[in-house]
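>>> Task: produce atomic coordinates for the following.
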Amino acid sequence: QFMNIYFLLIAFLQLFPKLTPVNPISTWFPLIFIFLLSALKEGYDDYKRHQADKLANSRRYQLFQRGFLKRVKSENIQVGDIIMIEEGEEVPADVLLLRSTNPRGTCYIQTSNIDGETDYKTRNVPPALLDYSEREIRDFTGVVECSPPNTNLEECNGTISLSNDGESLYPVSINEVVLQGTILKNTDQIYGLVIYTGNETKIGMARSTPSVKRTSVDNFTNFITMGIFSFQLILVFTLGIMGYIWQTENGIKMNYLAMNSFSTDSTIIITIRYLLLLSLMIPISLKVTLDIIRYIYTMFIIWDHELYERDTKPCTTNSTALSEDLGQVEYILSDKTGTLTKNSMVLVKCIIGKKLYEDIPGTYDHTTFSENEYKLQDAIEEEDEEVLMFFRVMSLCNTASPYYANGKQNWKVSSPDEEALVKSAADMDVIFSERDYTHLELTITGTVEKYTLLHTLEFTPERRRMSVIVRNVKTNEILMLTKGADNAMYARLKHAGNMEDDIIFLSSLGLRTLVLAYKTIPEDEYIMWNNQYEKASLNITDRMDLVNQAYNVLENDFTYLGITGIEDRLQELVPKTVRDLRSAGIKVWMVTGDNPRTAREVAMSSSLIPTNSNLIQ
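This next block holds a predicted model:
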């Protein structure tokens, strides 16, 4: 910083008695004290970061070495190790999933340390390893080929061979890889093969040397210091010239001043003396005062009882140098789901065909039905085929894993949306009751339907939809069940019916909407498509593009079923907090991928925009 250079220059000049009569200690002592204090503060911040790194590197994990389980520190984990990770543990390296205790070889991870998302994501064991026992995994040998280390968190292409000769290749994608920094959730244990460690992991490659962070106050004082120094130089040169003129015209006539001789060196000395005399224009105590105030300010943040999380965990400050910038915030960009809202989903309405249904068990709002509203339970009991297919899609088009706990049916899910749909279907006696590697079981009013899971076309932010391809065990019919956002589904439907009007209606109530649809796939069409998909899956360089092309071949000509309306309630005190921020002059923006009408209703209910505002879209 310029201020530090300035003070160091002044202190250096005061080392020469010919330039100043002031004892250098008067400048050097405060300067050393200031630098020492700043160094201690920065060192304390670095120490806390070092402690966090040390804690991460010293975490112990269980590895299989020569068939035996051994606990080692994470810093000693190497590529090729087979590691066991338990629920709640942070993954120490990029790992290829080999085995999971969950049915179907799935596991759930939380990626909040990477992308801030609190929803769980699913990862799957490669199909070729689904039948491997725990002992076979411990003694696993084979060849895994992956793309070079890179920063792309959405892609990890490779192949796996179960023999050392590299034959019989199977595709590996990001759906089978658990990244470093993620946390295992809703899964007791997983076994994985370490494929990247250290700085070659995804987040390791994205990590860069942190830049020096300066607050707006630092930048402002730095700018002012340079301005004052420039003004000083003008004064110094002006007074130096005036001193030279006076000395040559008047000083040499005054013998008692001993100015009989005069040289160029004397001119420079006079100029520097004026610089030292005017150095008090920038007080050396300014810097130490700012540093002390910042430290005290961060302590007040830590001590603030209203900033405790659930009355147990205090707020922490990772840097003592940036705290006052909180008062300089002008814009806040907020996510909607999980930030403004609770991320606790409840299915409150659904439209199937042209009929609106609201009598959904478990919802908080049981309204009085008008003549145009229908009872959902009656339609299911009457075996309305359109309603039953709607609930088949609700129950099967997901990554949920059924399990029993305390005699009750439960599901391990990757997102609250899936949980809301599966639970609501179960409340209507359409129960997703069993799942293993390739087997799905659905119980509808006591009648069991069995399906073979052929493919799962995962949801991505780009696709904005999810599909599963299943085979009905009884009829041998192949079905594709799909759900997605209205803008991703509209062009893929045979006939959309009143979908647009229905979306407008549900969105105007502030509900999150999903369009449900299905299609029947002829056997020969499926075989041709499967060949294209398998070929695309083995490609390492352009796999994602080729796989998406294969998806697009099949995801069209759907039969429209209906729309779900899911409510995500606001967090407590959100409207008051937003009003307080706006009254402080802060501009608050909500960032969401939801339907614009849903976003508008949530914005109004959270006081983000006044209800009587004229909106420009």
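
>>> Please give the centre-to-centre distance between the helix or strand that contains residue 481 and its chain.
Here residue 481 sits within strand 478-484, counting by DSSP states H and E. The chain centre lies 29 Å from the centre of strand 478-484; the measure is C-alpha atoms, centre = their mean, to the nearest Å.

>>> what packs against that strand?
Where contact means 3 or more C-beta pairs under 8 Å, 6 or more residues apart in numbering; DSSP states H and E, strand 478-484 is packed against helix 385-396, strand 465-472, strand 512-521. Placement of C-beta: from N, CA and C, glycine included.

>>> Kindly reformat those as CSV and extend each row with mean pLDDT and distance to residue 136.
Below are the helices and strands packed on strand 478-484 laid out as CSV (pLDDT from 0 to 100; distance: least, C-beta to C-beta, whole Å):
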stretch, mean pLDDT, distance to residue 136
helix 385-396, 92, 30
strand 465-472, 94, 28
strand 512-521, 93, 34
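
>>> Of all the ones you listed, which one comes closest to residue 53?
strand 465-472 (37.9 Å; C-beta to C-beta).

>>> Which strands and helices lie in contact with that closest one?
strand 447-457, strand 478-484, helix 543-554.

>>> For the ones you listed, give me JSON lines that also has mean neighbour count, mean pLDDT and distance to residue 170.
Formatted as JSON lines, the helices and strands packed on strand 465-472 follow (neighbours: other C-beta atoms under 10 Å; pLDDT from 0 to 100; distance: least, C-beta to C-beta, whole Å):
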{"stretch": "strand 447-457", "mean neighbour count": "16", "mean pLDDT": "92", "distance to residue 170": "15"}
{"stretch": "strand 478-484", "mean neighbour count": "23", "mean pLDDT": "95", "distance to residue 170": "23"}
{"stretch": "helix 543-554", "mean neighbour count": "17", "mean pLDDT": "88", "distance to residue 170": "13"}
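
>>> who wins for proximity to residue 195 among the ones you listed?
Closest among these, using C-beta to C-beta: helix 543-554, at 16.0 Å.

>>> Okay, angle between that closest one and strand 512-521 too, please.
70 degrees (axes from the mean of the first three to the mean of the last three C-alpha atoms, to 10 degrees).

>>> And the next helix or strand past the helix or strand of the chain with the lowest mean pLDDT?
Least confident helix or strand, the chain: strand 373-374 with a mean of 50, by mean pLDDT, DSSP states H and E. Sequence order places helix 376-381 as the next helix or strand after strand 373-374, per DSSP H and E.

>>> Low-confidence regions, the chain specifically.
For the chain, residues meeting the criterion pLDDT under 70 lie at 67, 164-167, 209-212, 251-252, 256-267, 309-312, 321, 359-374.

>>> Dump the helices and strands packed on strand 478-484 into a markdown table; add distance to residue 61 and mean neighbour count as well.
A markdown table is the format used below for these (distance: least, C-beta to C-beta, whole Å; neighbours: other C-beta atoms under 10 Å):
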| stretch | distance to residue 61 | mean neighbour count |
| --- | --- | --- |
| helix 385-396 | 36 | 22 |
| strand 465-472 | 32 | 21 |
| strand 512-521 | 38 | 22 |
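
>>> Mind checking these for the one nearest to residue 300?
strand 512-521 (39.3 Å).

>>> The next helix or strand along the chain from that closest one to helix 543-554, inter-axis angle?
Counting by DSSP H and E, the element after strand 512-521 in chain order, helix or strand, is helix 523-537. When the same axes, to 10 degrees is applied, the directions of helix 523-537 and helix 543-554 differ by 170 degrees.
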